[in-house]
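# The sequence and its predicted three-dimensional model are supplied below.
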Amino acid sequence: MSVTDHADSDANADTDANTSTNADLTDALLEHADREPIAFDGFRLEATDDGYAIATPATERTGLSGRDLREALADETDDVHEYASNWRYWQRMGGEGTARRAFLRWCERAPLEDAVESETEGTDDGRSEATRAVPDRYEALAADGLERQWGQLSITTRLADGSAPGERRYDLRHVDDRGADPADLEAHDRPRDARDLTTYDEKGRYRPLKTAPTLVSGWAFTGLSGDDLVDAVEFVYPATVANWHRERRGNLDVDHWLETAERQTGIYDVVDELPREAVEWMAEACCVDSQCLRRREWEYEEGDELSVDGGDGPFPCREPCSLVIAAARKWAILETEEERTWEFELTTSEKNQLEALIDAVAEGRTDEIREADVNRGANRYRARYLRAKRVDGERNLCGVDSSVDSDG
Ligand code: SF4
């Protein structure tokens with residue numbers, strides 16, 4: 001058989017497959033419409049005494065026979081085909097009312113079926129939903145796919161080649177790898193692999209907070225099913241899809257600081273003694289976007305909001321996490337210490353340098369400061385010089401002994 005014969009044969013096979021899958025689609029539609037009308041994503045199909053009535057936002061046809069319907073659906077350029085295959089995909093997906101289904105619809109900017117928040121068309125500023133009508137979605141899904149960001153994850157939804165009409169596939173990678181050649185990324189196909197990717201940061205340090213913006217890049221999941229995509233996302237960011245969905249439905253159960261702190265027992269019993277203003281400092285230290293990608297929805301208590309910004313991420317934080325509770329224990333103990341007046345002799349530049357050091361450590365910038373850059377206060381040689389000059393062998397700044405009443 002010649003190359004041309006092969007091409008003709010493949011083309012015929014494709015045509016046969018399309019004919020078969022379109023026939024399946026029509027059978028499913030007719031079978032459903034004979035039981036009950038279809039009204040989904042702007043598509044309507046109803047069995048009437050006068051034949052089938054079909055409508056999309058752009059077209060309305062009545063008095064159709066089953067044969068007429070088959071012909072309309074066989075024409076893949078007809079928007080009826082797109083609306084019908086879209087209905088079929090979501091019908092196969094099932095799971096009405098579940099977080100899984102809502103998340104997959106969010107991924108392709110489909111209107112959420114059960115959201116209480118209003119949705120908008122044409123904008124995409126992170127939290128607001130830029131929903132799109134079916135033809136607009138299909139155009140993008142068939143081209144490069146529709147991309148959405150979930151924390152540091154980039155999710156691309158696209159139409160699957162050679163599958164049932166409307167079938168989707170999902171690609172998942174780090175946002176920093178958006179434009180990377182797949183050949184340069186480590187390929188994965190089992191959702192469970194995502195858990196291993198989240199354990200350590202790029203320097204090999206354990207990540208105790210899975211929503212910290214320290215997810216390693218350099219990997220890709222390609223061609224996932226909807227179920228596998230959601231599983232992989234939940235391995236990376238546990239419970240984020242469920243909490244996002246609860247919030248969308250208006251039933252996110254938020255536990256504020258005080259009630260969470262008062263619930264603590266054992267060694268954490270002390271955290272409810274953390275002063276009100278210290279809770280502000282704690283939220284600023286731990287819960288801003290630069291430290292955690294969850295959007296803090298908990299406040300000091302009901303009706304008493306913290307002044308620190310809770311962040312802009314798509315998925316909410318419904319209660320102080322274990323990392324924050326553990327840190328709060330330390331701060332609750334430290335805050336019981338009385339303030340004292342200390343006397344240290346420093347030059348103005350040395351005082352400025354101490355402030356620069358605190359800032360560099362708090363922002364995680366110490367690794368960026370080159371050894372040769374001695375103009376930076378947090379330069380390692382500058383820090384070592386200050387220590388040599390101002391800190392004695394007992395680690396006392398300017399020789400002032402504070403060991404008797406310090407908890408470190
Ligand atoms: S409590 Fe703060 S640090 Fe912990 S998950 Fe929530 S927002 Fe993130």
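Received it, and whenever you're ready, just let me know what you need. Numbers count the residues shown, from 1 in each chain.

# What's the separation between Glu60 and Gly364?
Note on Glu60: its distance to Gly364, by C-beta to C-beta, to the nearest Å, is 59 Å. Yep, even glycine has a C-beta here, placed from its N, CA and C like the rest.

# And for Arg380?
In this view, Arg380 and Gly364 are 15 Å apart by C-beta to C-beta.

# Between the two, which has more neighbouring residues?
Remark: of Arg380 and Gly364, Arg380 carries more neighbours, 14 against 11, as counted by other C-beta atoms under 10 Å.

# That one against Arg370, yeah?
No. Using C-beta atoms under 8 Å as the test, Arg380 is too far from Arg370 to be in contact (9.3 Å).

# per the record, what domains does this structure have?
Domain segmentation of the chain under automatic domain parsing yields 15-89, 144-248, 257-334, 348-405.

# chain center to the third one, what's the gap?
This points to domain 257-334. 21 Å (C-alpha atoms, centre = their mean, to the nearest Å).

# before we move on, what about the shortest one?
In this view, domain 348-405 has its centroid 37 Å away from the chain centroid, taken as C-alpha atoms, centre = their mean.

# go on, the first one?
Taking the mean C-alpha point of domain 15-89 and that of its whole chain, the gap between them comes to 35 Å (C-alpha atoms, centre = their mean).

# Could you find the closest non-adjacent residue to Pro320?
Thr260 (4.9 Å; C-beta to C-beta, 6 or more residues apart in numbering).

# okay but that neighbour is in contact with Cys321, surely?
No. If you go by C-beta under 8 Å, Thr260 and Cys321 don't touch, sitting 9.6 Å apart.

# Helix or strand: which one has Ala194?
Element membership for Ala194 (DSSP states H and E) is helix 193-197.

# Flag every buried residue along that helix.
194-195, 197 (16 or more other C-beta atoms under 10 Å).

# mind saving the C-alpha coords of the strand or helix carrying the residue nearest to Pro320 as PDB?
Secondary structure from DSSP H and E places Thr260 in helix 257-263. The C-alpha coordinates for helix 257-263 follow below in PDB (Å, rounded to 0.1, in the frame of the first residue of the first chain):
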ATOM      1  CA  TRP A 257      -8.500  33.000  65.300                       C
ATOM      2  CA  LEU A 258     -10.000  33.200  68.700                       C
ATOM      3  CA  GLU A 259     -12.300  30.200  68.500                       C
ATOM      4  CA  THR A 260      -9.500  28.100  67.000                       C
ATOM      5  CA  ALA A 261      -7.000  29.300  69.600                       C
ATOM      6  CA  GLU A 262      -9.500  28.500  72.500                       C
ATOM      7  CA  ARG A 263      -9.900  25.000  71.200                       C
END
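
# Against which helices or strands is that helix packed?
Applying 3 or more C-beta pairs under 8 Å, 6 or more residues apart in numbering; DSSP states H and E, we find helix 257-263 packed against helix 322-334.

# What residues of the helix it packs on count as buried?
The neighbour-count check on helix 322-334 (16+ other C-beta under 10 Å) flags 324-325, 327-329, 331-332 as buried.

# Of those, which fall within the contact range of the ligand?
Applying C-beta under 6 Å from any ligand atom to the buried residues of helix 322-334, one finds that Val324 fall near the ligand.

# With pLDDT added, can I get the buried residues of helix 322-334 in CSV?
As requested, the buried residues of helix 322-334 are exported to CSV (pLDDT from 0 to 100):
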residue, pLDDT
Val324, 98
Ile325, 98
Ala327, 97
Ala328, 98
Arg329, 98
Trp331, 97
Ala332, 97
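
# from the buried residues of helix 322-334, which two are the most distant?
Pairwise distances across those (C-beta to C-beta) peak at 11.9 Å, for the pair Val324 and Ala332.

# so which helix or strand takes in Glu31?
helix 3-35.

# To Phe103, which of the domains of the chain lies closest?
The closest of the domains of the chain to Phe103 is domain 144-248. By C-beta to C-beta, the value is 4.8 Å.

# Can you give me every residue that contacts the residue nearest to Phe103 when sequence neighbours are not counted?
Leaving aside its chain neighbours, Phe103 sits nearest to Val241 (4.8 Å; criterion: C-beta to C-beta, 6+ apart). Residues near Val241 by C-beta atoms under 8 Å, 6 or more residues apart in numbering: 99-100, 103, 230, 233-234, 315.

# Check Val241 and give its pLDDT.
As predicted, Val241 sits at a pLDDT of 98.

# got the residue ranges for the strands in the protein?
38-40, 43-48, 51-56, 59-64, 120-121, 130-131, 146-150, 153-159, 168-174, 186-188, 219-224, 295-296, 316-317 (DSSP state E).

# Which one, of these, ends up nearest to the ligand?
Judged by C-beta to the nearest ligand atom, the one of the strands of the chain that comes nearest to the ligand is strand 316-317, at 3.2 Å.

# is that closest one up against the ligand anywhere?
Yes. With C-beta under 6 Å from any ligand atom as the measure, strand 316-317 is seen reaching the ligand through Cys317.

# For that strand, which strands pair with it and how are they oriented?
Sheet pairing for strand 316-317, assigned by DSSP bridges, gives strand 295-296 (parallel).

# what's next to the strand it pairs with, contact-wise?
Taking C-beta under 8 Å, 6+ apart as the rule, strand 295-296 contacts 127, 283, 287, 306, 310-317.

# Can I get the buried ones among those as something I can paste into ChimeraX?
Here is the ChimeraX command that selects the buried residues among the contacts of strand 295-296 (16+ other C-beta under 10 Å):
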select :283,287,306,310,311,313,314,315,316,317
